[in-house]
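Q: Need a 3D model of the following:
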Amino acid sequence: MTIDNRGLEPPQPMMRTLKALDKLKSGESLSIINDRRPLFLYEELDDRGYAHETEAQEDGSFKITITKSGD
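A: As a prediction, the model looks like this:
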């Protein structure tokens with residue numbers, strides 16, 4: 001699943017992302033596209049034990065792939 005958070009003002013991108021993450025099962029991934037690096041989200045993901053990888057896109061946005069580890 002991919003969520004496009006571009007054009008949204010904080011905290012909407014983080015709220016949408018966390019809501020979608022609650023639905024993930026172990027081993028599943030979610031990709032989000034943000035206008036900027038989600039620095040506060042990274043802290044939350046680390047606290048919750050999610051793996052994440054960020055890729056800068058040519059248009060200046062960032063694609064973050066988040067994976068739920070096994071429970």
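Q: residues in contact with Leu21?
A: Contact analysis of Leu21 by Cβ atoms under 8 Å, 6 or more residues apart in numbering lists Leu30, Arg48, Tyr50, Ile66, Lys68. The C-beta positions use only the backbone N, C-alpha and C, and glycine is treated the same way.
Q: List buried residues within these.
A: When burial is judged by neighbour count using 16 or more other Cβ atoms under 10 Å, the buried members of the contacts of Leu21 are Leu30, Tyr50, Ile66, Lys68.
Q: where's the closest residue to the last one other than its chain neighbours relative to Asn34, distance?
A: The shortest distance from Lys68 to any residue other than its chain neighbours is 4.4 Å, reached at Leu24 (Cβ to Cβ, 6 or more residues apart in numbering). Taking Cβ to Cβ, to the nearest Å as the measure, Leu24 falls 18 Å from Asn34.
Q: Look at the two and report which has more neighbours.
A: Neighbour count, other Cβ atoms under 10 Å: between Leu24 and Asn34, Asn34 has more, with 22 against 15.
Q: The more buried one pairs with what?
A: Beta-bridge pairing of Asn34 under DSSP bridges involves Phe62.
Q: before we move on, what about Asp4?
A: The partner residues for Asp4, given DSSP bridges, come to Ile33.
Q: doesn't Ile33 make contact with it?
A: Yes - with contact defined as Cβ atoms under 8 Å, Asp4 and Ile33 form a contacting pair (4.9 Å).
Q: Show me which of the two is the more surrounded one.
A: Neighbour count, other Cβ under 10 Å: between Asp4 and Ile33, Ile33 has more, with 17 against 14.
Q: what bits of this structure have low per-residue confidence?
A: 71 (pLDDT under 70).
Q: Recalculate using a threshold of 90.
A: Residue ranges of the chain with pLDDT under 90: 69-71.
Q: ok, which stretches of it are helices?
A: 12-21, 39-48 (DSSP state H).
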